[in-house]
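> need coordinates for the following:
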Amino acid sequence: PTHIMEVIDSNNCNGTFTTPSFDPIPIPTFDATDAVICPGETAILTVQAIELSNATNLSYSWRDGNGNPLSDGNGISYLANSTSGELQITGLSENVDPYEFQVIVSGDNLCNSDPIPATVTVNPVPKILEGQPVNILCFGEATGSITFISEDATAGGDYEYSLDNGTTWQGAVFNNLPAG
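Got it, this is the predicted structure:
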């Protein structure tokens, strides 16, 4: 929009002029990724610029879900890159609720930077009650089998199993197994 300026000098003469219009500048906006991991894995959270506008010299400060600075402890360690916005977290254990974090973006031409939330969900490790073997019928034959029984019958149907270090995967029943 334009603005009309009125000027009065020491002789009480006045004049007006119209300012040129100012182009609106988009508000810089950011978002943070969430992560889903298994126990023992490293969670990586990142920040993306949705609208960078004229913001420059950005830096990122990660906090816990309550806004407190992160500090290593209880087997959990944090590695934050204040210039790229990446946060690496190791040592998170299974938890019913996601771990909550927030990042604050600061820099030149940022008027307001509300904390941006991010979460890490640590999925539980599959729990197997037992493997039920069926022995081979005759020496040298491959007639044995193993059936794996999951602790959680509803989740067990979603599990895949491997007997060859992850080369092949299948359901809970392995047939035609040799001795050993």
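> and stretch 42-49, what's buried?
Buried residues in stretch 42-49, counted by 16 or more other Cβ atoms under 10 Å: 43, 45-47. All C-beta atoms are positioned from the backbone trio N, CA, C, and that covers glycine.
> list of residues touching that stretch?
28-35, 37, 55, 58, 60, 62, 84-90, 92, 99, 101, 103, 105, 116, 118, 120, 122 (Cβ atoms under 8 Å, 6 or more residues apart in numbering).
> among those, which ones are in strands?
Within those, residues falling in strands by DSSP state E are 29-32, 35, 37, 58, 60, 62, 87-90, 99, 101, 103, 105, 116, 118, 120, 122.
> can you flag the buried ones in these?
Using 16+ other Cβ under 10 Å as the burial test, those include 30, 32, 35, 37, 58, 60, 62, 87, 89, 99, 101, 103, 105, 116, 118, 120, 122 as buried.
> now do Y161 against N54, distance only.
55 Å (Cβ to Cβ, to the nearest Å).
> which one of the two is surrounded by more residues?
Y161 (18 against 10; other Cβ atoms under 10 Å).
> touching, the more buried one and F148? I think so.
Yes: taking contacts as Cβ atoms under 8 Å, Y161 lies within contact range of F148: 5.6 Å.
> which residues do the two both contact?
A172.
> tell me what S145 is bridged to.
Beta-bridge pairing for S145 (DSSP bridges): V134.
> next one: Q170
Under the criterion used here (DSSP bridges), Q170 is bridged to Y161.
> now do the one 4 residues further on
As for beta bridges, F174 partners with I146 under DSSP bridges.
> touching, it and E160? I think so.
No: F174 is beyond contact range of E160, at 11.8 Å (criterion: Cβ under 8 Å).
> out of the two, which sits in the busier spot?
Taking other Cβ under 10 Å, F174 and E160 do not tie; F174 has more neighbours (17 against 11).
> quick one: the more buried one from I116, how far?
Here F174 is placed at a distance of 47 Å from I116 (Cβ to Cβ).
> kindly report the same for T42.
21 Å.
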